[in-house]
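> got a predicted structure here, sequence first:
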Amino acid sequence: MVVVVQRVREASVRRKAEPNSPVSIGRGYVLLVGVAAEDTESDVRRLATQVSKVRLMEDDQGRMGLSLREAGAEVLAVSQFTLLADFAKGNRPSFYKAARSDAARPLFELFVRELEREIGRSVPTGFFGEDMEVRLSNDGPVTVVLYEPPALPAPSWSMRSVRIRPCLDVPGGRVVTGVKFAELRDAGDPV
């Protein structure tokens, strides 16, 4: 699961097909939520708890020192599968890492319920699976990305397939390779 947290002065979301269907909030967070195919209910609960506790709201000294609950701030959650785009095979995104709609919807709804429980207030949402227009006034700007599990690898655009081969530099300026330093073979000049 990936959640982009944006601190906002105000925000709204509406269906593109129905411009008179806005959902809006004042000061708080807009959460763009991407549900991954391998996400579990426990992953969702942990991330909802983390979102509720991050201290991104300004305190009376102008520092990021307050959580949502402490600041009395609002939240707008919008499901966004495109956060799980993979560009490993070129310029056109693949979304195979994103959960299918029938699996993502209940996990997104669980995330919202858990967040509501954590912060003690209702969390309005976008329109799941629909084409939307999101408007916001980013405050700061403050934008952070949270992952669950935390060890989720970096986005594919930063990952390149690299083969690491153990090498041994030996006297004479030559490099040799081998498995467990047995059956060593001359690999040529170092460089």
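Great, that's in hand. Please read these numbers as outputs of a predicted model, since none were measured by experiment.

> wait, N138 touches R7, no?
Yes. N138 lies in contact with R7 (Cβ atoms under 8 Å); the separation is 7.1 Å. The way it works is simple: take the backbone N, C-alpha and C, and place the C-beta from them, glycine included.

> ok, the two, which is more surrounded?
Using other Cβ atoms under 10 Å as the criterion, N138 and R7 rank with R7 on top: 23 against 13.

> which secondary structure element contains that one?
Assigned by DSSP states H and E, R7 falls within strand 2-15.

> next, give phi and psi for S101.
phi -50, psi -40 (degrees, to the nearest 10).

> where is the longest strand in this protein?
As assigned by DSSP state E, the longest strand anywhere in the chain is strand 132-147.

> strand partners (parallel or antiparallel) of that one?
strand 2-15 (antiparallel) (DSSP bridges).

> so how far is the partner strand off the chain centroid?
Centroid separation for strand 2-15 versus its chain: 14 Å, with Cα atoms, centre = their mean, to the nearest Å.

> list the buried ones in whichever helix or strand comes after that strand?
Next helix or strand after strand 2-15 toward the C-terminus (DSSP H and E): strand 23-25. Buried positions in strand 23-25, judged by neighbour count with 16 or more other Cβ atoms under 10 Å: 23, 25.

> pull the number of nearby residues for S94.
14.

> leaving out the residues flanking it, which one is nearest to it?
Excluding the flanking residues, the one nearest S94 by Cβ to Cβ, 6 or more residues apart in numbering is D86, at 4.7 Å.

> thought L47 was touching L110?
No. If you go by Cβ under 8 Å, L47 and L110 don't touch, sitting 10.4 Å apart.

> between these two, which is the more surrounded one?
L47 (24 against 16).

> helix/strand/coil for the more buried one?
Using DSSP: H, G, I helix; E, B strand; the rest coil, the three-state assignment for L47 comes out as helix.
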